[in-house]
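**Student:** model this:
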Amino acid sequence: MNMLKEKPVLASLLICSFYSVLSTGCILHNKYVLSSIMPHESILMLSQIVFTISFILLVGKRVTEGTPPSDSDSIWRFLVPRYTLYHSRGDWVVGVSFSLSVITGIYCLSYLTVPTFAAVKKSGMLISWLMELQNPSSTTWTCLPSLLMVTFGSIAQTWFDLEFSMAGVVHGFLSCFFQSASFEIGKRMVTHGKDLWSVLFINSVVSLIVQLSYMTLYGDSHLIETTISAIVFGNEQSLQLLTNKNPDIEHAARATRGQVGGHLLLNCVLVLLMNFSVFLNCTVNSPLAHVVTGNVKANFTTICAIILFSLNVHVIGYLGISAAALGGAWFSWIKYDAECKRKAAQVIALESGDK
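**Tutor:** Predicted coordinates:
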């Protein structure tokens, strides 16, 4: 059955729900791993990238340059990994942007609580609005009050957070900027014929190069050997170095070899599925659907984090969370209403042309 043609609303909802659940799970698990298992952001990201590349190479089907994408319009065509080693300048731009987005995002998460992280990531809406000013639509200025409400709520939530960190906020803003760039360019590449899995594969290869360069530059490359020694060979000293933030202080490992390996594997699987859902959401659905999904996901993540981690949030923080949620809902409704009116006008125009 062709879901995209016969049930576009159902397909869109399934993809949005898939993305929201996986993204929330990744954020919560990333925070747990960094705070309780292994406080090394660079190793966590490197593991995610290597796992994604290995999975696509082992399970996927390699196609040559010029091979047309699947002619099926069904959503299920994306579930069969097809990749190519052919790359262009755009692939490098997407890969570098996505890699920097994840690097800054993980460091942001290590500095901030999950609710504050979700609030800062909402700045992506404001970044998109500023980009839209170059080619304003009918809702550009209508959305401004709702965006100001989201901005006010996010500032209140982050400013009164009991674990506020300006470094975390700056990393969050940078993550939103690089994420917007990578998604927009990646969507254009898929739209112009490149398979979704190929974009994800080449993006991961470029991210691997960027991540290794970053670790070498900042002196974290020794952690690769430490991780292999701890997980593969069970070296107790390496396990202590891997699971503790300060290697100069001698104390017992915070997690066992099995816990570190198990959580790393689970995290890599979650991130692979999440990255796939991100590109799928940006490819199949409209930019509007992605914005709405992001708002719902941010609110869902905030609620889950407060409950699961028993976080202490200032009363102003709760007001900020509420304001940001209402502002995001208001923004989404404005965009949705405008889209419905646009489609209705197209239908009327087509019907008038047939008469």
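**Student:** where along the stretch 101-250 of the chain do the helices fall?
**Tutor:** Listed in chain order, the helices of the stretch 101-250 of the chain (DSSP state H, counting those that start in this stretch) span 114-121, 123-132, 144-159, 166-191, 196-217, 222-231, 236-243.
**Student:** Pipe these into TSV and attach mean neighbour count and distance to residue 39 per row.
**Tutor:** (Glycine included, C-beta is placed from N, CA and C.) Supplementary listing: these in TSV, determined by neighbours: other C-beta atoms under 10 Å; distance: least, C-beta to C-beta, whole Å:
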stretch	mean neighbour count	distance to residue 39
helix 114-121	27	16
helix 123-132	17	26
helix 144-159	20	22
helix 166-191	19	15
helix 196-217	21	15
helix 222-231	17	11
helix 236-243	19	8
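**Student:** Would you mind putting those into TSV with distance to residue 103 and mean pLDDT alongside?
**Tutor:** Shown next, in TSV, are those (distance: least, C-beta to C-beta, whole Å; pLDDT from 0 to 100):
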stretch	distance to residue 103	mean pLDDT
helix 114-121	15	80
helix 123-132	16	74
helix 144-159	20	80
helix 166-191	8	74
helix 196-217	7	85
helix 222-231	15	93
helix 236-243	19	88
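**Student:** any idea how far residue 212 lies from residue 53?
**Tutor:** Counting by C-beta to C-beta, to the nearest Å, the separation of residue 212 from residue 53 is 12 Å.
**Student:** actually residue 150, sorry about that
**Tutor:** In this structure, residue 150 and residue 53 are 36 Å apart, going by C-beta to C-beta.
**Student:** Under the pLDDT cut-off, which ranges of the stretch 201-350 of the chain? List them.
**Tutor:** Filtered on pLDDT under 70, the stretch 201-350 of the chain yields the residue ranges 245-253, 282-293, 295.
**Student:** Report how many residues lie close to residue 142.
**Tutor:** By the criterion of other C-beta atoms under 10 Å, residue 142 has 14 neighbours.
**Student:** Verify the stated contact: it with residue 335.
**Tutor:** No. Using C-beta atoms under 8 Å, residue 142 is not in contact with residue 335, being 9.4 Å away.
**Student:** which residues of this protein fall in strands?
**Tutor:** Along the chain, the stretches classed as strands by DSSP state E are 61-62, 82-83.
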